[in-house]
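Q: after the sequence you'll find the predicted model.
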Amino acid sequence: MSTTQAEVDRLIEQFDPEASFRRLTGWSAKIVLVLCAGLAAWHYYTAGFGLHNEIAHRAIHLTVVLGLCFLVFPRQKRLPGPWEWLVSLGLVAFYLFMGTQLLAGLNEPVPDGMRYAFMGVLVAIAGLALPFRAYDGSTTHIPWRDWVFAVLASGISLYLLVFFQDIFIERPGNHTPLDLMMGVIAIAMVIEATRRTMGIFLPLLAIATIFYGLLGPYLPGGLGHRGYSLPRIVAHLYKGTEGIYGIPVGVVATFVFHFVLFGIMAQLTGLGQLFVNLATIAAGRFSGGPAKVSVVSSGLFGMISGSAIANTVTTGVMTIPLMKKVGFQPRFAAAVEASASCGGQITPPIMGAAAFIMAETLGIPYNQLILIAIVPAILHYFAILYMVHLEAKRLKLRGMDPSEIPSIGLVLRSSWHLFIPLVVMVTLLLMQYTPFLAAFWGITLTVACSWIPRLLGPLGKGMTGIAVGPRALVQGLDMGTKAALGIGAACACVGFVLGITTLTGMGFKFSAWVVDVSSVAAQALVALDVFQLLDLKQVTILFGLLFTAIACIIMGSGVPTTPTYIILAAIVAPALAQLDVPQLATHFFVFYFGVLADVTPPVALAAFAAAGIARSEPMRTGMTAFRLSMGKALVPFAFVYSPSLLLLDFTWPAFLLAATCSVVAVMGLGAAYTGYVARPIGKAGFWILNVFSLSLIFANPWVAAVSIPVVLGVLLYHARPQAA
């Protein structure tokens, strides 16, 4: 049974909160279309002809983005009834607490009219945030209360823009009562916008960090700090460059938005289908061909989509039925698609939004980050392809029928023009032009090159792709903005976590805890080593990595990769830095495990979306996707212990040793968790492969001299067909 486009849209909306848009009609649809297309056009213009100053550019971006969050996204109940009410009442209490405490902490008198108006606004926000049945979000029109929310959400940034000269130039550091009141309203509206687009977890985390900043003197032990007044916190989060308008929003407004828009435009012209065709040509003929096509096409498509869930559904609707057709179980077919789709965010040249934030955070040119990410991405996809190959051999599956595989010559002749924008954009990135300028030309050429078949006339006969005319252009601008709204709201909310972290030193406190616990655990393990084979420092790093990986998976449950990475980079990554792990390796480590959270139960959203297409049980699909990820989960550990895989301290001997150890380790773990090569692997083989494969992550020459022959020996032994 095939999956219709309506079902695809429903699955994306169900499992990807960032894409659960209203289907508007009438005047409200036209207003939203103008706002979305206008914001996209403004971003396109600034990418090509120059940005505004930092704060103004970010404020203009959020003025429209936060307002649109309430116009585009309906309010949805994502929690059981009592929990929805409990969380909503907690938010109401938080908003009113913020308002009363701010008024109590002001150092100058405030007119009664201003006090009443301020509290009236907070009461209105609190009341409209409650989950009354009459307030249920409409998916076809915009209720009046969402227009109120949209005006308030836009007003917080408009205030900074209108009074920019006065606030930031004439009285920097001087915060009037009106500034601080607008700051409290800003905090409330960002939380509500994020709740609307992402769910409740991220807003609750933001609120917890704000309370952490307030309650510092009352916290025990190393968690304590001097504490900060509410006016100080509000000013820091609202008017500073480390809160709402911090680096995450800045990167979204200057880099991410443009590449999201490019991805949408590229999909409109047919680039996604071209990637599927190329993947089919490359992998379709081999055993279990459709599964390998899924892996390759998901990697290619993921480079331009940036969303694991959208990638899963968009390519999965084509590949999952093919996998089921050749004999894969529905659960395995869905798991393959989900596991492969997560890799697009770590695959050069475009990668996901988090990669741009990483480049900005570390001060690394994006063209260098592209090169650094190549080897880990290859290992990532090799791990999935190898496990898919073993599963296909276990089930004795064939490849695709030759009639189902398109001709490479025909594909290239009909679609060569679709490559031009991507090639030019990557070339500009490698030539060290700014990412937003590269995206500008990528978007421009995507539209221009879509007309090549028509411009060629008879010579263009047989060429594929859709010409982007005025209607399609406006549609692309509209879709591009909507696709970027969720990440914009999330990055504004993450600014609360980053702002409190810089204010209180929370990241260093957490880092100290991780280092202490890792050290104690390592000392206990080394004490049991009667042969003195273990190095205390290496084992301490290993425990630190394990604790960090667990934190990444927990924090990433149900939260998109980008906010997950931002939070972990600020709070968790410093722990690994204290263990002398290179900073770049640390950030790549948390980035990778933030991506893996999308296929890690109990909240494996990409796997659940794929299960909807495959008609399989979601949790079992998630467990299978997690098993398929065991091989690639080794990759982040490998480049921490072998920075040469990230081209750090690069020497050919170190790189070749690390690459060999990584490939053999991935093969060993892949076979162990598939349980089959050419014959079943028993329990003894399972444990031998696990122990000796894991030992290879250290890339120690002496350990490798023992472990590589053992792993390869077990694989070769089980590669012999079983006697009849």
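A: Cool, got the structure. Numbers count the residues shown, from 1 in each chain.
Q: now stretch 535-553, how far from the chain's geometric center?
A: In terms of CA atoms, centre = their mean, to the nearest Å, the centre of stretch 535-553 is set 23 Å apart from its chain centre.
Q: buried residues, it. List them.
A: For stretch 535-553, the neighbour count (16 or more other CB atoms under 10 Å) marks 539-545, 547-549, 551-553 as buried. For glycine as for every other residue, the C-beta is placed from the backbone atoms N, C-alpha and C.
Q: ok, these vs residue 180, which is closest?
A: Nearest to residue 180 among these is residue 551, at 33.6 Å by CB to CB.
Q: what's the pLDDT at the closest one?
A: On the pLDDT scale, residue 551 is placed at 81.
Q: what does the one 5 residues further on give?
A: As summarised for this prediction, residue 556 has a pLDDT of 71.
Q: setting aside sequence neighbours, what's the nearest residue to it?
A: residue 597 (2.6 Å; CB to CB, 6 or more residues apart in numbering).
Q: and of the buried residues of stretch 535-553, the nearest to residue 707?
A: residue 542 (15.6 Å).
Q: that closest one belongs to a strand?
A: No. Secondary structure of residue 542, determined by DSSP: H, G, I helix; E, B strand; the rest coil: helix, with no strand assignment.
Q: ok, it - contacts?
A: 522, 637 (CB atoms under 8 Å, 6 or more residues apart in numbering).
Q: again with residue 333
A: Going by CB under 8 Å, 6+ apart, residue 333 touches 291, 294, 319, 320, 323, 324, 610, 614, 616.
Q: for these, which one is nearest residue 675?
A: residue 291 (16.9 Å).
Q: which non-adjacent residue is nearest that closest one?
A: Closest to residue 291 by CB to CB, 6+ apart is residue 388, at 4.5 Å.
Q: before we move on, what about residue 698?
A: Nearest one to residue 698, counting by CB to CB, 6+ apart, is residue 641 at 5.3 Å.
Q: got it, and residue 192?
A: Spatial nearest neighbour of residue 192, chain neighbours left out: residue 129 (6.1 Å); criterion: CB to CB, 6+ apart.
Q: quick check: pLDDT value at the residue nearest to residue 698.
A: Value for residue 641, per-residue pLDDT: 91.
Q: cool, the one 10 residues further on as well?
A: pLDDT, residue 651: 92.
Q: how near is the closest residue to it other than its chain neighbours to residue 668?
A: Leaving aside its sequence neighbours, residue 651 sits nearest to residue 644 (CB to CB, 6+ apart; 6.6 Å). Counting by CB to CB, to the nearest Å, the separation of residue 644 from residue 668 is 21 Å.
Q: re the thing from before, tell me, how many residues neighbour the residue nearest to residue 192?
A: Around residue 129 sit 22 other residues, with neighbours defined as other CB atoms under 10 Å.
Q: now for it: which residues touch it?
A: So residue 129 contacts 88, 91, 92, 95, 192 (CB under 8 Å, 6+ apart).
Q: pull the number of nearby residues for the residue nearest to residue 556.
A: Count around residue 597 with other CB under 10 Å applied: 24.
Q: mind checking the SS state of it?
A: With three-state DSSP as the basis, the three-state label of residue 597 is helix.
Q: go ahead and confirm it touches residue 552.
A: Yes. Residue 597 is within contact range of residue 552, at 6.5 Å (criterion: CB atoms under 8 Å).
Q: any common contacting residues for the two?
A: residue 564.
Q: tell me the contacts of the most centrally placed residue in the chain?
A: Closest to where the C-alpha atoms of the chain average out (CA atoms, centre = their mean) is residue 561, at 2.4 Å. Applying CB under 8 Å, 6+ apart, one finds that residue 561 lies in contact with 308, 345, 352, 353, 354, 591, 594, 595, 597, 598.
Q: what sits against the second one?
A: Going back to what we said before, that points to residue 345. 302, 306, 308, 351, 352, 354, 355, 561, 595.
Q: narrow the residues you listed to those in helices?
A: When DSSP state H is applied, the contacts of residue 345 are split such that 302, 308, 354, 355, 561, 595 fall in helices.
Q: between the residues you listed, which is nearest residue 29?
A: residue 308 (28.9 Å).
Q: show me what the helix or strand encompassing residue 591 is packed against.
A: Per DSSP states H and E: residue 591 is located in helix 583-596. Using 3 or more CB pairs under 8 Å, 6 or more residues apart in numbering; DSSP states H and E, the elements in contact with helix 583-596 are helix 353-362, helix 374-395, helix 536-555, helix 561-571, helix 573-578, helix 634-641.
Q: pick the most deeply packed of the ones you listed.
A: Of all the helices and strands packed on helix 583-596, helix 561-571 carries the top mean neighbour count, a mean of 27, counting by mean count of other CB atoms under 10 Å.
Q: residue 174: neighbouring residues, count only.
A: As a burial measure, residue 174 scores 10 neighbours (other CB under 10 Å).
Q: secondary structure class of it, three-state.
A: coil.
Q: could you do residue 616 as well?
A: Classified using three-state DSSP, residue 616 is coil.
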